[in-house]
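[1] any chance you can model this:
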Amino acid sequence: MKINYRFMRLMVFFDLPTVTSENRKNYRKFRKNLIINGFFMLQESVYCRMVINEAMAKSTVAKIESFKPPIGMICAMIVTEKQFAGISFIIGENKSDVVTSDKSVVII
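    Model (predicted):
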């Protein structure tokens, strides 16, 4: 029996204030929690994580809501792996030091 998993990417975009020391502390804490939860940085304030399905994406969004800072703006977007692979780099290039494919995913 073949199980068909549709890999997706959960992208998180955020704009958090960094005016006060409390703001900067909240920013660092939020960013650290994203990394702990498997996200990698695409650009400043744009982070991405691979998920195996929409249910896992929704669960991850709920987790992000649990550590969100009190002010700022945070958005999440789910895209398919095929859509993500279609990213065109106008300037700069993809980071090769980050695993961004499902080739290393082991499903037990």
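
[2] chain center to the helix or strand harbouring residue 35: distance?
    Assigned by DSSP states H and E, residue 35 falls within helix 21-36. In terms of CA atoms, centre = their mean, to the nearest Å, the centre of helix 21-36 is found 15 Å from the chain centre.

[3] now the helices for the protein?
    21-36, 54-66, 81-85 (DSSP state H).

[4] tell me which residues of the second one are tucked away?
    Yep, that's helix 54-66 we're talking about. 57, 60, 61, 64 (16 or more other CB atoms under 10 Å). C-beta: built from backbone N, CA, C; applies to glycine.

[5] from what I can see the third one touches residue 10, true?
    This means residue 61. Yes: if you go by CB atoms under 8 Å, residue 61 and residue 10 touch, sitting 7.2 Å apart.

[6] about what we covered before: ok, the buried residues of helix 54-66 vs residue 34, which is closest?
    Nearest to residue 34 among the buried residues of helix 54-66: residue 64, at 7.5 Å, using CB to CB.

[7] any idea of the pLDDT on the closest one?
    Per-residue confidence (pLDDT) for residue 64: 97.

[8] where does the chain have its least confident helix or strand?
    helix 81-85 (a mean of 87; mean pLDDT, DSSP states H and E).

[9] what helices or strands is that one leaning on?
    strand 8-15 (3 or more CB pairs under 8 Å, 6 or more residues apart in numbering; DSSP states H and E).

[10] for the strand it packs on, list the C-alpha coordinates in CSV.
    Provided in CSV are the C-alpha atoms of strand 8-15 (Å, rounded to 0.1, in the frame of the first residue of the first chain):
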residue,chain,number,x,y,z
MET,A,8,3.9,21.6,1.7
ARG,A,9,5.8,24.7,3.0
LEU,A,10,4.6,26.9,5.8
MET,A,11,5.9,30.4,5.3
VAL,A,12,5.8,32.9,8.1
PHE,A,13,6.1,36.6,7.5
PHE,A,14,6.5,39.1,10.4
ASP,A,15,7.0,42.7,11.1
